[in-house]
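**Student:** sequence and predicted structure below; questions after.
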Amino acid sequence: MAHSIDYQKELNSAQLEAVRSTEGPYLVIAGAGSGKTRVLVHRTAYLVERSVRPEEILLLTFTRKASQEMLKRASLILDERCERVSGGTFHSFANMVLRRYANVVGISRDFTILDRSDAEDTVNLIRTKLGFSKTKSRFPRKDALLDIISKSVNKSEPLEKIINGEYPQFGEWLNEIKKIAREYVDYKHSKSILDYDDLLVYLKRLLSGHEDTRLSLSARYRYIMVDEYQDTNKLQSEIVYLLASENKNIMVVGDDSQSIYSFRGANFRNIIDFPKIFKGTKVITLEENYRSTQPILNLANRIIESSEEGFQKRLYTNKSSSALPVYIELRDEHRQSEYIIEKILALREEGVELADIAVLFRSSWHSNDLEIELARCNIPFAKYGGQKFIEAAHIKDVLSYVRVIYNIADQVSWFRLLLLLPKIGPKTAELVIEEIISQGKGFGIDTSSKLFTKNPVLVTLLELFRKIDVKIQLPYQILELCMEYYQPWLKDKYDDADKRLNDLNSLFRIAERYNSLERFLSDMALDPPEKNIIQAGSLTKDEPKVSLSTIHSAKGLEWHTVFIIYLAEGHLPNYRSLEDRSAIEEERRLFYVAATRARENLFLLKPHIDRSFKSKSYGMGGPAFTQASRFLEESDILDKYAITEGDKTDSFGMAGSGRRGDKKFWKVIEDFEGIDE
């Protein structure tokens, strides 16, 4: 069959093999920067060009934006047929399927979706109702409770195992937590609300318990592709198996060396065991890197080759460079910050944009000192890994109005918006909700009772809701009415109300893109835009910023120059992982991810003295001398040096450190002051 795309010209040999492999199970191990997105884009086009109906192709990604961009790129290289491919996240796919088959699994198709914060509030309602908030000894808070319940669901493990393994401090409350979990399930079902986990739970239940539906979906989605498979949890992998078990035309793409989200429930074993689960799987490895220089890749290869388990690969590139990664041990955290600032200023003089420079760290607090210094030196920066736009209190306030309009039984949203009103506390709010739901008249409730006559603000609120017709008015029109009503409460509740108006304006602009209220609310819960993404659109070319980011938030990104700070035991690897071999292996993968974000320059820094040291047993301790990360120690062919102010290089006292071997991967700084390499 003749193709309009010259795949052989566009792809390297390994990529071409992956694109042309269509029938049966395939595992593509895509090393960092090896063009996995290019493979998925071209494979989508290849399938469509081979007369596969676009609707029969399912592309599952971890953000809706990722799938949209891939399908858009596929359309650009082929034609608009690629835009009809079914693409989205696991959760959005589950939402779409459940809207169609809700009755099969015993739920209402008009269910609303709880986001993380709403789910926490729901758990807290149950916790309070059961009287567990009044216990004398420490009972877990709502966020910890939801974490425990959610991990149990996503890992497909009993609550006992989750608590014993990750939350032993709550062991005495096991029975109470079990009761809350049961009540939480019953509560959601009775109110026609689902949280994120429920979407996957009900989808799996649909596929595993209803053979005719599974066969129907398998026939509909004959070719399945999954991106970032190393980040899937147990539940997601089971869904993939059920969807693909009939025709087995499944390709998962990922990198076992970049599996770093176990704290979210991601299961490293999913990608490792894929060939065992799908018999006859062919493994295709992408090793040619299009991002980093070879010296950086040599370091990355060295980091990951000491892994206890994984698929063999060795990254290589055609990019030539003599600039080796630089290791610097500095006196303390403050000197570390000064060094970074001096180097940033020097790089800017050389023509490197601030936006092409990043400082990465294991824990958010690692950048505290650096943030102060950057601000003092008037160097603009953006920090990633913080609060999301949708989680901001004022955004949640406004969306609670819209959610109640869509689903009058949404008690969590009712509580939130009622507690904004004067003279209404939790007890009154509960009475109001019970009255509205028990009368069964919607917003046309009789307001002549004392409950309403004593609280005229309630009548005004109901009048607002009566003005709104979801069958006629578009989401932005509904939101506009809610915002007009909300603004006085906004000014009363927040000192910085004027600043928060910018966020509300952003929310309004987002709503203008929607014709369906259900779709708007689902997207706000399933794949919300982050505040920094919205703000980024308003930046001008004259406003580049240095990126400060946790390593977890930096995955998938790249910069010309990368600094990795606090490369010390207890920091990277994190102290919580030191007694757990699997956790240590994940910390190794974190280091690998961080190193492979750099295109041209990579700086590895460690303060010699850690002034943040605290003794867990005795409170504050004095400054502690740090030990270099074990991931540096394991590289026995590297030159390793510490820099002390005003002195020549000294070995930093690791077993076997010093000059060794014929090959050097590190640039050695010969003098503390000589930073202009």
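**Tutor:** In hand now; what should we look at? Numbers count the residues shown, from 1 in each chain.
**Student:** checking the residue of the chain most remote from its centre next. Helix, strand or coil?
**Tutor:** Using C-alpha atoms, centre = their mean, the residue of the chain lying farthest from its centre is S448. It sits 48.4 Å away. Applying DSSP: H, G, I helix; E, B strand; the rest coil to S448 yields a three-state assignment of coil.
**Student:** quick check: it vs E430, distance?
**Tutor:** S448 sits 20 Å away from E430, going by C-beta to C-beta, to the nearest Å. From N, CA and C alone the C-beta is placed, and that goes for glycine too.
**Student:** could you report the neighbour count for the spatially closest residue to K129 that is not a sequence neighbour?
**Tutor:** Closest residue in space to K129, ignoring its immediate chain neighbours: E183 at 7.8 Å, by C-beta to C-beta, 6 or more residues apart in numbering. Residues lying near E183 (other C-beta atoms under 10 Å) number 17.
**Student:** quick one: list the elements packing against whichever strand or helix holds E183.
**Tutor:** Assigned by DSSP states H and E, E183 falls within helix 174-191. Other elements packing on helix 174-191 under the criterion 3 or more C-beta pairs under 8 Å, 6 or more residues apart in numbering; DSSP states H and E are helix 116-129, helix 142-154, helix 159-166.
**Student:** and the residue farthest from the centre of the chain, how close does it get to K282?
**Tutor:** Distance from S448 to K282, counting by C-beta to C-beta: 72 Å.
**Student:** contacts for stretch 97-108?
**Tutor:** Contact partners of stretch 97-108, identified using C-beta atoms under 8 Å, 6 or more residues apart in numbering, comprise 109, 111, 189, 192, 194, 199, 202-203, 205-206, 209-210, 213, 217.
**Student:** same question, stretch 570-584
**Tutor:** Stretch 570-584 is contacted from outside by 262, 268, 308, 362-363, 366, 564, 566, 569, 586-588, 590-591, 610, 626-627, 629-631, using C-beta under 8 Å, 6+ apart.
**Student:** buried ones among the residues you listed?
**Tutor:** 262, 268, 362, 366, 564, 566, 569, 586-588, 590-591, 610, 626, 629-631 (16 or more other C-beta atoms under 10 Å).
**Student:** just checking, which of these belong to strands?
**Tutor:** Counted as lying in strands by DSSP state E, out of the buried ones among the contacts of stretch 570-584, are I564, D610.
**Student:** show me the buried ones among the contacts of stretch 570-584 that map onto helices.
**Tutor:** F268, E586, E587, R588, L590, F591, R630, F631 (DSSP state H).
**Student:** the residue nearest the centre of the chain and R589, how far apart?
**Tutor:** Centroid-nearest residue in the chain, with C-alpha atoms, centre = their mean: S553, separated by 7.2 Å. S553 sits at a distance of 15 Å from R589 (criterion: C-beta to C-beta).
**Student:** what is the most widely separated pair among the ones in helices among the buried ones among the contacts of stretch 570-584?
**Tutor:** Distance extremes for these: the farthest pair is F268 and R630 at 19.3 Å, using C-beta to C-beta.
**Student:** pull the contacting residues for the closest residue to K151 other than its chain neighbours.
**Tutor:** Of all residues beyond its chain neighbours, the one nearest K151 is I162 (5.0 Å), with distances taken as C-beta to C-beta, 6+ apart. Taking C-beta under 8 Å, 6+ apart, we find I162 in contact with I148, K151, S152, K155.
**Student:** the last one and F274, how far apart?
**Tutor:** Spatial separation of K155 from F274 under the definition C-beta to C-beta is 18 Å.
**Student:** which of the two has more neighbours?
**Tutor:** For K155 versus F274, neighbours defined as other C-beta under 10 Å are more numerous around F274 (25 against 19).
**Student:** contact partners for the more buried one?
**Tutor:** Counting by C-beta under 8 Å, 6+ apart, F274 touches P25, L27, Y229, V252, T281.
**Student:** list the contacts for the first one?
**Tutor:** The contact partners of P25, by C-beta under 8 Å, 6+ apart, come to A244, K248, N249, I250, M251, F274, F278, K279, G280, T281, K282.
**Student:** give me the contact list for the helix or strand the fifth one falls within.
**Tutor:** If I follow you right, that is M251. According to DSSP H and E, M251 maps onto strand 250-254. With contact meaning C-beta under 8 Å, 6+ apart, strand 250-254 is reached by 18, 21, 25-30, 36, 39-40, 43, 224-231, 240, 243-244, 271, 274, 278.
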